[in-house]
Structures are given as C-alpha cells and as structure tokens.
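Undergrad: sequence and predicted structure, then a few things I'm wondering about:
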Amino acid sequence: MSIITAIQKRTGLLLVVILGALAAFVLTDLFNSAGRMGSDQVIGEIDGTDIKYQDFNNAFQLMRDRMEASQQSKLNESQMPLVRSQTWNQLVAEYALQPEWEKLGIIVTEDEIVDMVQGNNISPQIKQAFTDPETGVFDKDKVIAFIRNLQNQSPQAQQQFAAFERELPKSRRNEKYENLLRKSVYVTTAEAKRRYEDETMKLDLKYLYIPYANIPDSAVTVTEEQIKEYYNAHKEDYDDAASVAVEYITIPIAPSREDSADVKRYLTNIKDKFVATQNDTSFIAQHSQIEANFAELASSNFPDAIKNQMGEEVTIGFVANPVAVKGTYKMFKVVKEVGEVVDSVKASHILFNTQGKNPDEKLAIETKAKEVLATAKSGADFAKLAEEHSEDQGSKVKGGDLSWFGRGAMVKPFEDASFGATSEGIVPELVESQFGYHIINVTGLKRANKYLLASVSRLLDPSESTREALYRQAGDLASSKNMTEYEERTKQYNLLSLQANDVKQNARSLNNIYDPSIRQAIRWAFEENTKMGSVSNEVFEVDNQYIVMVLKSRTKKGIQPLSKVYEQVRRKVIEDVKKKDIMAKLEGKTGTLDEIAKAFGDQARVLDQANYTYITNALNGVGFAPKAVGMAFGMEEGEISKPVADQTGVLIMKVEKRSEAGEVADYAKYKAPLEQDRQQPYNSGGILNAIKQLTDTEENIDSFY
C-alpha cells in the first residue's frame, strides 16, 4: 500500500511536498532498464554489474536537476564532480547495499511511514520542508495545513511526490541498517581502563634528537644499485593512479593592435556628437557597452584622462579623447556642476554588537545603547564612553575615532547617517547596521564642489578576424604530424611550449589553468587511441585561449616505474643512509644525554617535555615520533633508551619522571568516547566505502567527463 493510501486512511488528505526542500532527497529507481539505450560504453562496475554510460548520465542529469531545485540556483561546472560522485554513490547503494537489507529482513511498515510524515518521528526531509526559515522552528501543524488533494496539483508535483514516496522507505531502511551496525560496537572495561591510562599517565621526558635534515644531502653518496634495491623492496609504496606528462602551447585570444585602433576610432568618430548631445543618457545607451556610466566626483578625483587633457579649470561640456582602461576604451564628459556636497567625514563611534544574538538579547542591548546615547548627548566625554562601552576593539582604544573616510568606506546605514549630518556633533538616533547599534559622533565635515561625469565605454575584445587568425595558427600546430614538426612550428610562431608532469586522470586543472573546460584536453591525453608523441588533432578553447597539446608519456594505474618515481626513491635512500650513519656514529657512546650530544657534534641537540601523555600528538622540537614515544612509555624512571630511528630523525629517550594513573571505581565515562570513535565509520559514507572495497566496484567516470 502506498504512502498516499496509508495517510488517506488517517486524514483523508494528501501532503503537498515543498519541491525545493525535498528535491535533494529524492533518489528514484533509474536503473531497472539498464542498457535499454543501446550504448555499449561502460562507465563502471558495481558488484559484478556493468553500469552503462548512458544510464549513468541519465541519473546524473536527474541528480543535478534535483540539487538545483533544492538550492534554487544553477550549479556551476566546478560543482559537477561532486554531483557525479553522489550519483555514483546512489548506484552503489542501489546495487550493492539494498541486497544486504533484504538478507537481514529489514523492512518498513505502513505505520512507520505515516509516523515519518505526520507522527512523532518526522522524517528530516519533511522537517526541512516545513521549518520556518526565519525562526528555524518546525511546526507539525503546518504539515497538516499543507495537506491537499494531490490530484489537484501540477504533474511535476505529483511526479515529485511519487518519487519521494518510493524513496522514503529506503531512507528508513538505511537508517535501521546503520543503527544495527553501530549497535554492534562494544567496548570492554579493560579497553576503557587503557583509554583512561592513556589520558592520565604522564611522563617528564628528556631526549637527544638528531634530525636527518641536519645532515646536508650533498654529504651523502648513494649508488644506482642502492636506489634499485630500495625500489624493488618497497614497490607497494609507489602504487598510484594513472597519469600523463604533456607539453602544450597556449595562444591567448586577445585583441590585436588593429582591434584596439578600431575601438578607439569608433569613439573618436562620435566625440563631437557626445559634446553636442543634450541627452547624455540616451546617447550613452546607444553607444556604450558597459553600464554604470555616471558618477559624481570632486575635480580632485577626476580620471586622469580629464585631468591631463582639460587642465586645472573645470569646463562644463568638456569631452576627453578616448583612453584605454582595464580592457575597455572610455571617453569621459563633464556634464554639469552638482554643487557643494560633503566629500568626506571624520567621526567616532561606539558599537554595541548584536551579531548572533536572539531577539530578547538584542532588545536588552538596544536599551543599553539608548542609555549611553542619552549620556553622550548630555555632554559626557565621548572618548571615555567609547573606551568603556564600545565593542569595536580597533577604535575603542582611540576613543572610538575612525579618522577621515569617504563614501563607500563604511557600511551603508553608517555612511548615510554620517554623510547626512549637516553639522558636527552626536547623531541624534541610534544607527543599526549588520554589526549592531552605533552611536556616531561627527567630528569633522569636508565639503567640495562635485560634478556629474558621464562616460561612453567600449569593450576591447578580439574581432572575428583576429580570432580566426589565431585559430589558424593553433590549427597549424595541431596539424603537426609528429613532435619534430610541432617543435619547428612552435619556433616559427615564437611560442613557448610548456610542460605538465604527473597529471592524474581526475585532474581539474593544468599548471595555472583552472578553467573547468581544461578537462577536454586532459581527457584527450588519456584516450586509448592517443599515442605517445602524438599532437592533439583538435584545438582546445580554454579560458579565452587556444591550446594545442602533445602527449609525452602515459603511466598506467598500479606500481609506478622507477623512472617516474626516481627522485622520490633517491630521497628515501638518502634518508636511509643518513639514518644508518647516525646510528653508527652513536654506537658505543655512553654517559648523560648532554655528554652524548657533545660527543656527537653540533648536529645533535637535547630537548625536554613535561607532562607528556600517550595521546599527545607531538614531541617539542621533533613532531610526530611514535617509535620513540612508544619506547618511553615502556621505560622505568631514570632509564635511558638505545638510539631509535624515527620519522624525522634519531632519538635517545630518558624518562625523568613517571606519574602513573591511579585506579578509579568506574571507567564508564571512558567507554563513551571509544564507542563514538568506533561507531564513526558506520555512517552512510563509511558504509559505502566499505561496500566498494568488499565488492567488485570500480568506476571510470573521469574518462567520460
């Protein structure tokens, strides 16, 4: 029986679900007809079942549409990888997780479903749909108030509710499954006692430390044989994703000199008409390609184009010759004199912060602010009041002084009150901004004659002929038959060929190119029919530039060849040699830590740390040193250890003092954090990751997007 029928039994009405709030939750059954699109392209495998690209893409499109409906805005390209990841996780749950529910007999009854919609255990999605956005309060009566006959709703609303109806039981079954796994976690009293001891047992440590970094790499000699031997013994450490190394040229799609001259010529040709027009607004609307073409400015703030061409005396109606300004050409005109206005203000203020306060707290703050305002208006020392009451830490130490500021420097309510003052003194009312309540004391006003300036702006964009010429150049490079031709044509066009190494298949950028459209070039490099040394047979347009690429090398997923990881291996071998040299030099040295350090030389130093517990993350001056710390906790007071080669250097430990953990009657409070730690993996993400590892689940999404 459907959710609708079950609810009708009790209310005789149907719930109209707010589409935006529920859209992100709805996960419809999309794959019952897998493969019917006829596509043989496989994008992945879940527990032995091939997932076709077309079916995945259909699911992805629906997931994207629902997420956009949920947040009521379009998703941008940088958000698409997350949407695809969530789509894949949805499929993993569909194919690999739901069968586990069936095996365990996890079901959801009709009574439970009704309870989730209008009972005492409301579904989080229903709560989200019917929570007041202003108060954050959910009102169950609002759910009942929104119950209507679904047949009277739009087809979209009916489809949305039908999908929600199918998925609500799945949500509850998954919740039961997660709770079942979490309840399987058990912590013994012995484990809780160990946790207690880890937190309370303390050591005062003294230790000799010789960092590997204190020995210059240049002082260490390693052979090719050592490098090969280390690599062969640690191959598993170099298991990595597939990657490519590429060369590429970029040709910016930029305006030519001719384009610049054409734009400048256009403005020059209309200059006399701009001077003569009596309707600047209409003229600008006809000729300007950019809005915001009027500004009121004092002559001291005129653009350089007017200052340099007009001279010191302001001439109404003057039009300056066009000048280049940040990717545009502009032509300025002095339209009229506005008159004397306040140009800048000097003020002090007292801030009463209301950010994060509830209505009652805010009312109390307003009352207090009004009391201080009355005191200030009565003639009290404003600077002292600011030092005593203001919550603006930057200005209160200066008696609230904000010095001089112009328009645009302050938040709008503050600016309006300050520039609206006709004389110096206390602004008579509190001023409220997003920061709180302000008491403002205007201590200075500067006035200046202002003029209305207008401008006609033309974009300095590459013309079609320029774009075509640049594309032909890129196309000529792309038609290179081999690397030799590519290099010759690169020199011919005086272009610089750039390199990018170790580019992964899921990379979303290439060196300093972060535009999402770079994915098309990266995908080309990973295509099976792209051969080593081949030049891309297409020109990629990315971030307003043309790109032509050459595939230099490609490494498959798995153990990486020594040639690729050579430097990483060499550094590890150098570290190993340093480790052995330090250990050999320390052998046979005895005495106190200070004596051993002196005998070793300047590269050794002696440090200490008090009250070190087992759960402390790092040793002072050393960092993470698990081997040395573990040894210290097994030592007696006053004992000195043998040298220990650890993460960043060699250490010799001494326990100066050992404070043992005493017995306690009840270790229950130490069980709870352990249980929480162990339950952490049993959330939706942790379970999905485990399912992926335990089943034959693998995706190749990055080959398609």
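TA: Happy to help now that I have it.
Undergrad: from now on I want contacts and neighbour counts done on CA atoms only, so please keep to that.
TA: Fine.
Undergrad: buried residues in stretch 494-510?
TA: Buried positions in stretch 494-510, judged by neighbour count with 16 or more other Cα atoms under 10 Å: 497, 501-510.
Undergrad: return the subset of the residues you listed lying in helices.
TA: Counting by DSSP state H, no part of the buried residues of stretch 494-510 is found in helices.
Undergrad: so which two of the residues you listed are the farthest from each other?
TA: Every pair in these was compared (Cα to Cα); the two farthest apart turn out to be Ser497 and Asn506, at 23.1 Å.
Undergrad: what are the buried residues along stretch 250-264?
TA: Going by neighbour count (16+ other Cα under 10 Å), the buried part of stretch 250-264 is 250-251, 253-256, 259-260, 263-264.
Undergrad: stretch 680-700 now?
TA: Going by 16+ other Cα under 10 Å, stretch 680-700 has these buried residues: 681-683, 687-688, 691-692, 697-698.
Undergrad: likewise stretch 619-638?
TA: For stretch 619-638, by 16+ other Cα under 10 Å, it's 619, 622, 624-625, 628-629, 632-633, 637.
Undergrad: follow-up on the earlier one: of all the buried residues of stretch 680-700, which comes closest to Ala409?
TA: For those, the residue nearest Ala409 by Cα to Cα is Asn683; the value is 47.6 Å.
Undergrad: is it true that that closest one touches Glu178?
TA: Yes: using Cα atoms under 8 Å, Asn683 is in contact with Glu178, at 6.3 Å.
Undergrad: which residues are contacting stretch 286-303?
TA: Defining contact as Cα atoms under 8 Å, 6 or more residues apart in numbering, one finds that stretch 286-303 is touched by 284, 314, 338, 343, 448-459.
Undergrad: filter those down to just the buried residues.
TA: Buried among these by 16+ other Cα under 10 Å: 284, 343, 449-459.
Undergrad: which ones among those residues are found in strands?
TA: Counting by DSSP state E, the buried ones among the contacts of stretch 286-303 place 343, 449-459 in strands.
Undergrad: from the residues you listed, which has minimum pLDDT?
TA: Lowest-confidence member of these: Asp343, scoring 87 (pLDDT).
Undergrad: sorry, back to before: dump the buried ones among the contacts of stretch 286-303 to CSV, plus distance to Ile582.
TA: Shown next, in CSV, are the buried ones among the contacts of stretch 286-303 (distance: Cα to Cα, whole Å):
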residue, distance to Ile582
Ile284, 77
Asp343, 71
Asn449, 77
Lys450, 76
Tyr451, 77
Leu452, 77
Leu453, 75
Ala454, 75
Ser455, 73
Val456, 73
Ser457, 70
Arg458, 69
Leu459, 66
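Undergrad: ok, of those, which one's closest to Thr367?
TA: Using Cα to Cα, Asp343 comes nearest to Thr367 of the buried ones among the contacts of stretch 286-303, at 33.2 Å.
Undergrad: where's the closest one relative to Arg66, distance?
TA: The gap separating Asp343 from Arg66 is 50 Å, by Cα to Cα, to the nearest Å.
Undergrad: with Glu167 instead?
TA: Computed as Cα to Cα, the Glu167 to Arg66 distance reads 14 Å.
Undergrad: give me the more crowded residue out of the two.
TA: Taking neighbours as other Cα atoms under 10 Å, Glu167 and Arg66 compare with Arg66 leading, 22 against 17.
Undergrad: next secondary structure element downstream of the host helix or strand of Met631?
TA: Met631 is located in helix 626-632, with elements delineated by DSSP states H and E. Heading C-terminal from helix 626-632, the first helix or strand you meet, by DSSP H and E, is strand 644-645.
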